[in-house]
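Peer 1: here you go, sequence then predicted model.
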Amino acid sequence: MQGGGGTRALRMDDFEDPVAKTARERFGIAGLHPYQRLVAANVLDASAPGAERLRQMVILPTGFGKSLCFQLPALLLPGTTLVVYPLLALMSDQRRRLDSIGIGSALLRGGMSAHEVRAEEARVERGEARIIIANPEVLRGSRALAFLKEAGLSHIAVDEAHCVSEWGESFRPAYLELGRIVEELAPPALSAFTATASPSVLESVTRILFRGEGYILVEGYPDRPNIHYAVTRTLCRERRLLALVRELPKPLVVFCSSREGAQMASRLLLERLGRSELRFYHAGLRRDEKEEVERWFMPSKDGILCSTCAFGLGVDKKDIRSVIHFQPPPSVEAYLQEAGRAGRDGLPASAVLISSPADADRLERETEGQRRERYRALLDYAESDRGCRREALLDLLGAPREGRTPCSGCDRCDGSPNALAEGEAELRLFASANARRFSRDEALDLLKGRTPSRLSGQRCAYWGALADWDAKDASRCLDEAIRRGVIGIGRAWPWKGLIGPARRLYGSSGPGAGAGVLGAAREAVPRIAARGRRRR
């Protein structure tokens, strides 16, 4: 190479390939992760003349920058990129992010006026938008399909592709049509992105989205070493939630299984804790309401957000320190997706699943075979009293055992799991020591440390065992224990209405089984046992 001072050898540093240059200049990223390079390269190669159509499934842990895998090549492809998102909140969030770094996009969703739709289409036609953002429902419309056919698509990216399985076979039928829509649009490249996917989810995506055709699998290791996983068992979900919210670092997200659950949880926390840094979020909110919550939570350092899965799918708040699941989600994949909202900055974070005997009710109501089995797998994970949580989650995802590192944090490996549900030990011991002496209401008073006048000042073993519980929580705990057979209540004379030990404690397995359970209960509450004996 000739220069003013002579010659020198040609070096690789003298060149910068288009992918790295675009990453640096448009996204401010000095270097790409190898997985990002691989995915982007696959998409770009598919646009070459004579190349075969690309189908790829990309499984990368939360925080690995999946969005960059389709946003970056979108700036280098000859045609436009269509990105399919599951939620309006996620679509709006990605539109804002692209606008903030000067990358034009068009957004197509339901509820837009004809004028709004035409304005978005015009952005694409003028070359101002290289990325089109849409949800599955809008793609079913004939106008959207006709426009996309004319837009010259180079790549279709389906983000959060586990929703094809999670929702397509339940309440989002538009997901079941995505394969047909993609086939009709016939782009050179189709990519499905998700953070977690078990073999059953892979099968669904292959069948529905890839139409049974072969695909390339790009898979990063799904473990998140900075997240501490734990399961906490309870007979009163509300009490446990309050305790966890008090203990765990903020910002914090409480995931709930329904809109009503998210609102109820936020009301409970507001009433009991009196916190002002508290909101709820779900898909039923108006657009302006969602945006208001997002503007509040994104910069918050101690906020608490009670939400359905509508929050978090790709919304990049990096500093969430804790995630609590108030109820179990429908599958292991959904659990890891939502738990993965914590610690996206790589710093220590916690994910806690609240488990209750009531969780089995949903299993009984679920009639669809695949959904039932996936939910059962999550319940088995929550109820298991053996083995590492992290190993169990990786096994359920079908992750290879080779190359796994030792557990970096879970309640099993650090010796802190609760074998009995919160409240269970106290109620078992009370029922056993005071068998067939007290009614349900009398038992509640005594457990709360109150002596009803009708009992003439009488005290008993384990009197006051739930003295520090809120009265509503103690009542819920007692009723749940009766309902689930943790303790018994007489159904016929002469013991009708009287509390006693569960029948199964002294059933066909013999007294040893009961003694084992009661022994575990006594170990769990030794101080209460001693106090009860002194006051008997």
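Peer 2: Yep, that arrived. Small disclaimer: the values here were computed from a predicted structure and weren't measured.
Peer 1: which parts of the stretch 401-536 of the chain are helices?
Peer 2: Counting by DSSP state H, counting those that start in this stretch, the stretch 401-536 of the chain has helices at residues 424-433, 440-447, 471-483, 511-524, 526-535.
Peer 1: and the first one, what does it pack onto?
Peer 2: If you count contacts as 3 or more CB pairs under 8 Å, 6 or more residues apart in numbering; DSSP states H and E, helix 424-433 packs onto helix 440-447, helix 471-483, strand 487-489, strand 499-501, helix 511-524, helix 526-535. To be clear about C-beta, it is placed using only N, CA and C from the backbone, and glycine gets the same treatment.
Peer 1: lowest average pLDDT across the ones you listed?
Peer 2: Among the helices and strands packed on helix 424-433, helix 526-535 carries the lowest mean pLDDT, at a mean of 46.
Peer 1: for Ile227, list each beta-bridge partner.
Peer 2: Ala349 (DSSP bridges).
Peer 1: would you list the phi and psi of Thr232?
Peer 2: phi -120, psi 130 (degrees, to the nearest 10).
Peer 1: and Gly152, by the same measure?
Peer 2: phi 70, psi 60.
Peer 1: need the contact list for the closest residue to it other than its chain neighbours.
Peer 2: Of all residues not flanking Gly152 in the chain, Gly79 sits nearest, at 3.9 Å (CB to CB, 6 or more residues apart in numbering). Going by CB atoms under 8 Å, 6 or more residues apart in numbering, Gly79 touches 47, 151-155, 187.
Peer 1: now the two most distant members of those.
Peer 2: In terms of CB to CB, the contacts of Gly79 reach their longest pairwise distance at Ser47 and Ala151, which sit 14.6 Å apart.
Peer 1: which residues are contacting the one helix or strand Asp93 maps to?
Peer 2: If you go by DSSP states H and E, Asp93 is part of helix 88-100. In this structure, residues lying in contact with helix 88-100 by CB under 8 Å, 6+ apart are 67, 71, 83, 85, 104-105, 107, 109, 131, 133-135, 159-160, 281, 283, 287, 290-291, 294, 310-311, 313-316.
Peer 1: give me the distance between the residue nearest to Gly152 and Ala189.
Peer 2: According to CB to CB, to the nearest Å, Gly79 stands 10 Å off from Ala189.
Peer 1: so what sits against both of the two?
Peer 2: 47, 154-155.
Peer 1: which one of those residues is nearest Ala443?
Peer 2: Nearest member of the shared contacts of Gly79 and Ala189 to Ala443, counting by CB to CB, is His155, at 64.5 Å.
Peer 1: and that closest one, what is it in contact with?
Peer 2: 43, 46-47, 70, 73-74, 77, 79, 81-82, 187-191.
Peer 1: same deal with Phe210?
Peer 2: Contacts of Phe210 (CB under 8 Å, 6+ apart): 55, 57, 179, 190, 192.
Peer 1: so the residue nearest the centre of the chain is in which element?
Peer 2: Centroid-nearest residue in the chain, with CA atoms, centre = their mean: Glu338, separated by 2.1 Å. Glu338 belongs to helix 332-339 when assigned by DSSP H and E.
Peer 1: tell me what that helix is packed against?
Peer 2: helix 162-166, strand 322-325, helix 369-383, helix 389-396.
Peer 1: nearest to Asn434, of those?
Peer 2: Shortest separation from Asn434 across the helices and strands packed on helix 332-339 is recorded for helix 369-383, at 28.4 Å, computed as CB to CB.
Peer 1: buried sites along that closest one?
Peer 2: By neighbour count on 16 or more other CB atoms under 10 Å, the buried set for helix 369-383 is 371-372, 374-375, 377-378, 381-382.
Peer 1: tell me which residues are up against it.
Peer 2: 165, 169-170, 198, 200, 204, 231, 233, 328-333, 335, 353, 355, 359-360, 362-363, 366, 389, 392-393, 396.
Peer 1: could I get the full set of strands for the stretch 201-350 of the chain?
Peer 2: Remark: strands assigned in the stretch 201-350 of the chain by DSSP state E, counting those that start in this stretch are 216-219, 227-233, 252-255, 278-281, 304-307, 322-325, 349-355.
Peer 1: and these: which comes nearest Trp463?
Peer 2: Here strand 227-233 is closest among the strands of the stretch 201-350 of the chain (CB to CB), at 24.6 Å.
Peer 1: distance from the chain centre to the closest one, please.
Peer 2: 13 Å (CA atoms, centre = their mean, to the nearest Å).
Peer 1: against which helices or strands is that strand packed?
Peer 2: strand 349-355, helix 369-383, helix 389-396.
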